[in-house]
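K.L.:
all I have is the shape, not the residue letters:
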């Protein structure tokens, strides 16, 4: 029996379903809008809504911990957190919306576009110029070689004076 159970099974077991919902959630948070089937959208939208509500209501540390469950990169977590805080703080409910796009030709399933109610864009991190370590090492070794050559020349000059 299926009493007190909710959600779409989508012909998958629990691990596959969680992986699918995580992948769809990641792509929605990174791009702002995705196209998927209506059944998948109905399955993963509660996950997105709960996540965004948690991020907006929790403290910064706890919100970033929630996002770390999805994104392994800390810089990406900070970008997503900043974008959510900037764009979706004042939206109380119904954070996402779906629009019908077309029917897929192969199996005639309805394709919908899932996006946030307010315009959402991911903030890009500032890129700092990176100094290559190889160049720094080369300059240090060149200086050492010059110092060694000068020391050798001085030693040779002293020996010649003694002779």
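P.N.:
Received it, and whenever you're ready, just let me know what you need. Being a predicted model, the structure only gives us computed values, none of them experimental. Numbers count the residues shown, from 1 in each chain.

K.L.:
pick out the residue nearest the middle of this structure.
P.N.:
residue 76 (3.7 Å; C-alpha atoms, centre = their mean).

K.L.:
any idea which helix or strand comes after the helix or strand encompassing that one?
P.N.:
In this structure, residue 76 is located in helix 74-87 according to DSSP states H and E. Remark: after helix 74-87, the chain's next helix or strand is strand 96-103, criterion DSSP H and E.

K.L.:
after that following strand comes which helix or strand?
P.N.:
Next element after strand 96-103 (DSSP H and E): strand 110-116.

K.L.:
relative to strand 96-103, how tilted is that following strand?
P.N.:
Using axes from the mean of the first three to the mean of the last three C-alpha atoms, to 10 degrees, the interaxial angle of strand 110-116 with respect to strand 96-103 works out to 150 degrees.

K.L.:
for strand 110-116, what is the average pLDDT?
P.N.:
Averaged over strand 110-116, pLDDT sits at 94.

K.L.:
that older thread, measure the residue nearest to the centre of the chain to residue 39 for me?
P.N.:
Per C-beta to C-beta, to the nearest Å, residue 76 is found 28 Å from residue 39. Where C-beta positions appear, they are placed from N, C-alpha and C, glycine not excepted.

K.L.:
check residue 26 too.
P.N.:
Counting by C-beta to C-beta - residue 26 and residue 39 are separated by 19 Å.

K.L.:
what about residue 73, distance to residue 101?
P.N.:
According to C-beta to C-beta, residue 73 stands 30 Å off from residue 101.

K.L.:
which one of the two has more residues nearby?
P.N.:
residue 101 (13 against 10; other C-beta atoms under 10 Å).
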